[in-house]
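Trainee: For reference, the sequence and a predicted model appear below.
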Amino acid sequence: MKPLKIAISGKGGVGKTTIMAILAQRFTENFDQVLVIDADPSPHMAETLGITNAGDITPIAEMRELLVERSGKTAGSPFYNINPKIDDLPKRFMLEKDGLRLMVLGAVQTGDSGCACAENTVLRRLLVKLLLTDDQAVLLDMEAGVEHLGRGTIAGVDHLLIVVIPSKSSVRTAMKIRKLAREVGIPRISFIGNNINDAEDESFLQELLPDRLIAVFPNASAIRQAERAGTPVAPLAVNFPTPLDNIMRVLQGEIDNSGTATIVSRGEIT
């Protein structure tokens, strides 16, 4: 499989972290190494993946000196001689479970902390300079909304997935994200529908969005039950083979989201 750097975004509450978790689980079937980066200021990807000791991870925000060292950058020099690699990143910055590696940007700790600009700068440099080999993938769970795009945090990713639910406010936010993502040069952008109850929900979204949905996920009781019980969501990836397969085909370039290829998008809950 060709290497991939994927980011996911959307309005708060649309289920982007849940979809990222089950997509990451699906990635383990195709990639030898899958790195998930939780860049949400209120991180909870660890719980979604089933990683219980997330507090043991050193946040990416504390990686400044390491990035300088690993990239070969000298003081005052604008050049990077080498790129950091996944295999080179120290274990203290990540935890691993069932083939998934997790890194955490770091949460804003106090109400008056303001913008985590320094932390996002570190993340941006890591994404841009991180060198991947075949069968390696990085999945980035962004904060909700559009602010991260204004900081250029996702510069360096190959594909942005925007999650939408059947509501006008979700679509409005998705369109703002798409606009900013295009302005910062993200090469590929796709929409994913979530919490879809029926064909009417899917049609509602498709009429408002400029591009075809590459996949839709049903309003799944299994996910709600897992979240309420505090159990991992990632293992539920087996419940959604059709939408996950469609996403993988788009990410690998087998089909596109322009409407030139037929995509069977609705998956059944099992």
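Mentor: Received the coordinates, thanks.
Trainee: C-alpha from now on. contacts and neighbour counts both.
Mentor: Noted.
Trainee: can you give me the helices for the stretch 101-250 of the chain?
Mentor: 117-129, 147-150, 168-183, 199-208, 221-229, 241-251 (DSSP state H, counting those that start in this stretch).
Trainee: For the strand ranked longest in the chain, name the packing helices and strands.
Mentor: Ranked by residue count, the top strand of the chain under DSSP state E comes out as strand 188-196. Where contact means 3 or more Cα pairs under 8 Å, 6 or more residues apart in numbering; DSSP states H and E, strand 188-196 is packed against strand 159-164, helix 199-208, strand 213-218.
Trainee: Phe31 sits in which helix or strand?
Mentor: For Phe31, there is no helix or strand it lies in under DSSP states H and E.
Trainee: Run a quick neighbour tally on it.
Mentor: Per other Cα atoms under 10 Å, the neighbour tally for Phe31 reads 18.
Trainee: How about the contacts made by the nearest residue to it once chain neighbours are set aside?
Mentor: Sequence neighbours aside, Asp135 is the residue nearest to Phe31 in space, at 4.4 Å (criterion: Cα to Cα, 6 or more residues apart in numbering). Shown in contact with Asp135 (Cα atoms under 8 Å, 6 or more residues apart in numbering): Met1, Lys2, Pro3, Asn30, Phe31, Asp32, Gln33.
Trainee: circling back: go through the helices and strands packed on strand 188-196 and pick out the most buried.
Mentor: Most buried of the helices and strands packed on strand 188-196, by mean neighbour count (mean count of other Cα atoms under 10 Å): strand 159-164, with a mean of 26.
Trainee: where does this protein dip in pLDDT?
Mentor: 41-43, 64-84, 107-121, 146-153, 155, 256-270 (pLDDT under 70).
Trainee: Show the contacting residues for Arg249.
Mentor: Arg249 touches Ile255, counting by Cα under 8 Å, 6+ apart.
Trainee: try it again with 6 Å
Mentor: Not one residue lies near Arg249 by Cα atoms under 6 Å, 6 or more residues apart in numbering.
Trainee: so how far is Ile255 from it?
Mentor: Using Cα to Cα, to the nearest Å, Arg249 is found at 6 Å from Ile255.
Trainee: still on that earlier bit, can the helices and strands packed on strand 188-196 go into JSON lines with extra columns for distance to Lys179?
Mentor: Formatted as JSON lines, the helices and strands packed on strand 188-196 follow (distance: least, Cα to Cα, whole Å):
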{"stretch": "strand 159-164", "distance to Lys179": "12"}
{"stretch": "helix 199-208", "distance to Lys179": "15"}
{"stretch": "strand 213-218", "distance to Lys179": "17"}
